[in-house]
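Undergrad: Give me coordinates for this.
(one chain, ligands or ions: 1)
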Amino acid sequence: MRITMVGTGYVGLVSGACLADFGHHVICVDNDASKIEALRRGHIPIYEPGLQDLVGANVAQRRLTFTTALSEAVRGSDAVFIAVGTPSRRGDGHADLSYVYAAARDIAAVLDGYTVVITKSTVPVGTGDEVERIISATRPDADVAVVSNPEFLREGSAIHDFKHPDRIVVGTADERARKVMAEIYRPLSLNQPPMLYTARCTAELIKYAANAFLATKISFINEIADLCERVGADVQEVARGIGMDNRIGNKFLHAGPGYGGSCFPKDVRALIKTAQDHEVPLRILEAVTAVNEVRKRAMARKVAALFAGSLRGRTVAVLGLSFKPNTDDMREAPAVALITALQDMGACVRAYDPAAMEQAKAILTDVAYCADAYVCADGADAVVIATEWEQFRALDLGRLKDLMACPVVVDLRNIYRPEELAQHGFAYTRIGSPPPTQAVPSEAALGRTIQRAPRSLVVSEP
Ligand SMILES: NC(=O)c1ccc[n+]([C@@H]2O[C@H](COP(=O)([O-])OP(=O)(O)OC[C@H]3O[C@@H](n4cnc5c(N)ncnc54)[C@H](O)[C@@H]3O)[C@@H](O)[C@H]2O)c1
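TA: Here you go, the predicted structure:
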């Protein structure tokens, strides 16, 4: 089958490469000429495990090509996917559909023979109707079916997710289109993923409802974590205890600094807006998003609490910048609000991330970017673990302590055990368990003279 992928970003590139790997002939189109040029040179513009090899292998087998020329690609394609961005619209939080509609117009102009146009971008209910209207207004003669096929892959495990989906949702009432979609995903039939055929508007809503539900789980456990800190309970044990209940499940119950990334924040906002337009306010989701918004900055106050509320003149080493491990995606990463808040409180921030520093430099300018975790911690008053990259899970704690001006670790991902850090003499605090009992040692006790205003070095009470 010949397939065009319009939009060669995270979703378009991964989906295009995987579909080529299934044996289809895929042309990935993007209007960013530098991106296409880089891909042709073999450079992958995003960090995603396994993607370089997958793209390389399929390019070598001539099943995967890249172009800026939409018309060349669409002519003769059986299926055309739209995988362009749908960011939050500035000002009101609705999904910005201008890229989707522009792509629909461009595709319509060059359609040739029966073609299935598939929206893979996350789009609000009714977008498929508008895409259909745009295509028939541009090309009344076009023989086309517009299908919704939302994507559920996760950054960091995108290839695995695309090839082993929990389900494939297909929204269409067109029998021919259904056959084309079945053919596209037929190579997955060995794994027998459930194909859910449904109405187009239902498929569109399934994607938003799924992301909104996951975001709700995160905000829920984050609020429970705050309560745990007050009452002396441990949120990880609470999460285990409720996650063992099959009706609840143990996924997305990790308390942390709030959800970020390219999808959850914008999708929850967009769903709230869609619902408001239909006069069905989604109060739970309004709370979910409000809880998340305030949480990221609140993490800086957690750091300050260890220094009697003041970070002026302190150096804070932030480990991890991307919104989650195994990606360089900085979109709405909690580390951005955290670092800005730390700086607002007067701290100097040093940072290290295994993959996202180039992306971060464009957003966070007043930060000292370091070569590794130890360089980052050198001379710091506190280390804050903001993203749970594997390489931060087994830091050499003795070395870390020797390097730091003050042995303080704030673990926003709960990857260490308090006893372990206490044994090494760290003052350690995490999410959703009682605050540390170990006082932050004074500089005098550490035998260091630091030219700063005197500070009170006691762990503050909750
Ligand atoms: N990133 C994820 O993890 C993820 C997961 C599931 C769904 N989604 C959804 O998929 C969609 C794409 O997300 P993404 O993260 O891949 O976005 P992205 O910003 O990484 O990529 C979008 C690409 O589309 C290109 N583009 C825009 N208009 C174009 C046009 N008219 N013609 C050709 N190319 C055009 C851009 O240059 C860019 O390269 C969004 O709706 C998103 O919500 C994303």
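Undergrad: And the helix ranked longest in the chain, what's buried?
TA: The longest helix of the chain (DSSP state H) is helix 200-231. Buried positions in helix 200-231, judged by neighbour count with 16 or more other C-beta atoms under 10 Å: 200-201, 203-208, 210-212, 214-225, 228-229. For the C-beta atoms, the positions are set from N, CA and C on the backbone; glycine is no exception.
Undergrad: before we move on, what about stretch 102-109?
TA: Applying a neighbour-count criterion of 16+ other C-beta under 10 Å, one finds 103, 104, 106, 107, 108 buried in stretch 102-109.
Undergrad: Among those, which ones lie close to the ligand?
TA: Near the ligand, taking C-beta under 6 Å from any ligand atom as the test, the members of those found are 103, 106.
Undergrad: send the alpha carbons of stretch 9-28 over as PDB?
TA: What follows is stretch 9-28, C-alpha atoms only, in PDB (Å, rounded to 0.1, in the frame of the first residue of the first chain):
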ATOM      1  CA  GLY A   9       7.200  15.400  13.600                       C
ATOM      2  CA  TYR A  10       7.100  13.000  16.500                       C
ATOM      3  CA  VAL A  11       4.000  11.200  15.500                       C
ATOM      4  CA  GLY A  12       4.400  11.500  11.700                       C
ATOM      5  CA  LEU A  13       8.000  10.200  11.700                       C
ATOM      6  CA  VAL A  14       7.500   7.400  14.100                       C
ATOM      7  CA  SER A  15       4.200   6.300  12.400                       C
ATOM      8  CA  GLY A  16       5.700   6.700   8.900                       C
ATOM      9  CA  ALA A  17       8.800   4.600   9.800                       C
ATOM     10  CA  CYS A  18       6.700   1.900  11.500                       C
ATOM     11  CA  LEU A  19       4.200   1.700   8.600                       C
ATOM     12  CA  ALA A  20       7.200   1.400   6.200                       C
ATOM     13  CA  ASP A  21       8.600  -1.400   8.500                       C
ATOM     14  CA  PHE A  22       5.200  -3.200   8.100                       C
ATOM     15  CA  GLY A  23       6.000  -3.300   4.300                       C
ATOM     16  CA  HIS A  24       4.100  -0.300   3.100                       C
ATOM     17  CA  HIS A  25       5.600   2.400   0.900                       C
ATOM     18  CA  VAL A  26       5.600   5.600   2.900                       C
ATOM     19  CA  ILE A  27       6.400   9.100   1.900                       C
ATOM     20  CA  CYS A  28       6.800  11.500   4.800                       C
END
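Undergrad: That one and the ligand in contact?
TA: Yes. If you take C-beta under 6 Å from any ligand atom as the test, stretch 9-28 does meet the ligand, through 9, 10, 11, 12.
Undergrad: returning to what we had before: got the angle between the helix or strand just after the longest helix of the chain and helix 200-231?
TA: Using DSSP states H and E, the helix or strand that follows helix 200-231 in sequence is helix 235-243. Counting by axes from the mean of the first three to the mean of the last three C-alpha atoms, to 10 degrees, helix 235-243 lies at 130 degrees to helix 200-231.
Undergrad: Packing partners of helix 235-243?
TA: Judged by 3 or more C-beta pairs under 8 Å, 6 or more residues apart in numbering; DSSP states H and E, helix 235-243 is in contact with helix 200-231.
Undergrad: For this protein, which residues score under the pLDDT cut-off?
TA: For the chain, applying pLDDT under 70 flags the ranges 436-462.
Undergrad: still on that earlier bit, off-centre distance for the longest helix of the chain?
TA: 14 Å (C-alpha atoms, centre = their mean, to the nearest Å).
Undergrad: Which strands or helices does it pack on?
TA: Applying 3+ C-beta pairs under 8 Å, 6+ apart, we find helix 200-231 packed against helix 127-138, strand 144-148, strand 168-171, strand 195-198, helix 235-243, helix 264-277, helix 283-305.
Undergrad: I'd like to know which of those lies nearest to the ligand.
TA: Nearest to the ligand, of all these, is helix 264-277, at 6.5 Å by C-beta to the nearest ligand atom.
Undergrad: Please work out which residues outside the closest one touch it.
TA: With C-beta atoms under 8 Å, 6 or more residues apart in numbering as the test, helix 264-277 has contacts from 86-88, 92-95, 122, 124-125, 207-209, 211-212, 214-215, 218, 259, 281-282, 285-286, 288-289, 292, 332.
Undergrad: by how many degrees do it and helix 200-231 diverge?
TA: 120 degrees.
Undergrad: I'd like to know how many residues surround residue 35.
TA: Neighbours of residue 35 under the rule other C-beta atoms under 10 Å: 19.
Undergrad: Distance of it relative to residue 359?
TA: Computed as C-beta to C-beta, to the nearest Å, the residue 35 to residue 359 distance reads 15 Å.
Undergrad: do the same with residue 236
TA: 30 Å.
Undergrad: Could you verify my assumption that residue 28 touches residue 12?
TA: Yes. With contact defined as C-beta atoms under 8 Å, residue 28 reaches residue 12; the gap is 6.1 Å.
Undergrad: Give me the common contacts of these two.
TA: residue 5.
Undergrad: between those two, who's got more neighbours?
TA: Per other C-beta under 10 Å, whichever of residue 28 and residue 12 has more neighbours is residue 28, with 29 against 24.
Undergrad: Let me see the contact set for the residue most central in space within the chain.
TA: In the chain, the centroid-proximal residue (C-alpha atoms, centre = their mean) is residue 261; its distance is 3.0 Å. Shown here is residue 261, whose contacts under the criterion C-beta under 8 Å, 6+ apart are 155, 323, 324, 329, 331, 332, 333.
Undergrad: How about residue 384?
TA: 299, 303, 316, 317, 318, 319, 338, 342, 409, 410, 412.
Undergrad: Separate out the buried members of these.
TA: Applying 16+ other C-beta under 10 Å to the contacts of residue 384 flags 299, 303, 316, 317, 318, 319, 338, 342, 409, 410, 412 as buried.
Undergrad: Give me the nearest residue to the second one, chain neighbours excluded.
TA: The shortest distance from residue 303 to any residue that is not its chain neighbour, by C-beta to C-beta, 6 or more residues apart in numbering, is 5.1 Å, and that residue is residue 410.
Undergrad: so can I have TSV of the buried ones among the contacts of residue 384 showing secondary structure and distance to residue 135?
TA: Below are these laid out as TSV (DSSP: H, G, I helix; E, B strand; the rest coil; distance: C-beta to C-beta, whole Å):
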residue	secondary structure	distance to residue 135
299	helix	46
303	helix	52
316	strand	52
317	strand	53
318	strand	47
319	strand	48
338	helix	44
342	helix	49
409	strand	56
410	strand	52
412	coil	46
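Undergrad: Show me which of these is closest to residue 131.
TA: Nearest to residue 131 out of the buried ones among the contacts of residue 384 is residue 338 (C-beta to C-beta; 38.4 Å).
Undergrad: residue boundaries of the strands in the stretch 301-450 of the chain?
TA: Here the stretch 301-450 of the chain has its strands, by DSSP state E, counting those that start in this stretch, at 315-319, 348-352, 368-369, 382-385, 408-411, 427-430.
Undergrad: Secondary structure element holding residue 105?
TA: Counting by DSSP H and E, residue 105 is part of helix 98-109.
Undergrad: Could you check how far the nearest residue to residue 110 once chain neighbours are set aside is from residue 80?
TA: Of all residues not flanking residue 110 in the chain, residue 71 sits nearest, at 4.1 Å (C-beta to C-beta, 6+ apart). Residue 71 sits 12 Å away from residue 80, taking C-beta to C-beta as the criterion.
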